[in-house]
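> Below are the sequence and a predicted model for it; my questions follow.
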Amino acid sequence: MHRLPNQQAVNRIRFVSCLMLVNGLIVTGSPVLLGGALVVGERDLTHLALGMMGLALVIAIIQWLGAARVRCPLCLGTPLAYSTCIKARDARRLFGSYRLRVAHTTMMQGKFRCPYCGEFTAVQARRRRQGGYEP
């Protein structure tokens, strides 16, 4: 199992994964809230739902910018960014998305399988050796 090169990469992948999962919840919840607010005629809930849609857009932009910097340590692919590269034979989806599977396993299990090379990566920083061989 591979590890990420440094603690910044670990923090970056956790942050982008969290943004992706939160954005998925907001995107699915805000239309439901908007529909309920329009049926009931509640003006405050309508404003809240529209604000949530705007927040989802801002989160999506931040997530898009951050996902471009998250890389697999083995193949240097971007597992959290949209790409048309060929996926590995054993790559699996979650609700139709490879990226969502990577984000989910990163947050829940502390590791992920790269959809491009198929190798597992622990969401931990590599340990640096201090001056010599360590078994």
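Perfect, thanks for sending it.
> didn't Gly66 look like it was pressed against Ala9?
No: counting by C-beta atoms under 8 Å, Gly66 does not reach Ala9; the two are 11.5 Å apart. (Each C-beta comes from the backbone N, C-alpha and C, glycine too.)
> Tell me which stretches of the protein form strands.
2-4, 111-113, 120-125 (DSSP state E).
> can you give me the mean pLDDT across the first one?
By that I understand strand 2-4. Within the predicted structure, the mean pLDDT of strand 2-4 is 91.
> what about the most centrally placed residue in the chain, distance to Arg43?
For the chain, the residue whose C-alpha lies nearest the mean C-alpha position (C-alpha atoms, centre = their mean) is Ser17; its distance is 2.8 Å. When C-beta to C-beta, to the nearest Å is the yardstick, Ser17 and Arg43 sit 35 Å from each other.
> One more: Phe95?
Using C-beta to C-beta, Phe95 is found at 33 Å from Arg43.
> likewise Gly66?
Applying C-beta to C-beta, the value for Gly66 to Arg43 is 35 Å.
> Spatially, which residue comes closest to Cys72, not counting chain neighbours?
Residue nearest to Cys72 in three dimensions, not counting chain neighbours: Cys114, with 4.2 Å by C-beta to C-beta, 6 or more residues apart in numbering.
> Name the spans of this structure whose pLDDT lies under the cut-off.
In the prediction, the chain carries residues with pLDDT under 70 at positions 130-135.
> which helices and strands sit right next to the lengthiest helix in the chain?
Using DSSP state H to define each element, the chain has its longest helix at helix 7-40. Taking 3 or more C-beta pairs under 8 Å, 6 or more residues apart in numbering; DSSP states H and E as the contact definition, the neighbouring helices and strands of helix 7-40 are helix 43-67, helix 98-109, strand 120-125.
> Rebuild these as a markdown table, extending it with mean neighbour count and distance to Thr28.
A markdown table is the format used below for these (neighbours: other C-beta atoms under 10 Å; distance: least, C-beta to C-beta, whole Å):
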| stretch | mean neighbour count | distance to Thr28 |
| --- | --- | --- |
| helix 43-67 | 15 | 10 |
| helix 98-109 | 19 | 12 |
| strand 120-125 | 17 | 25 |
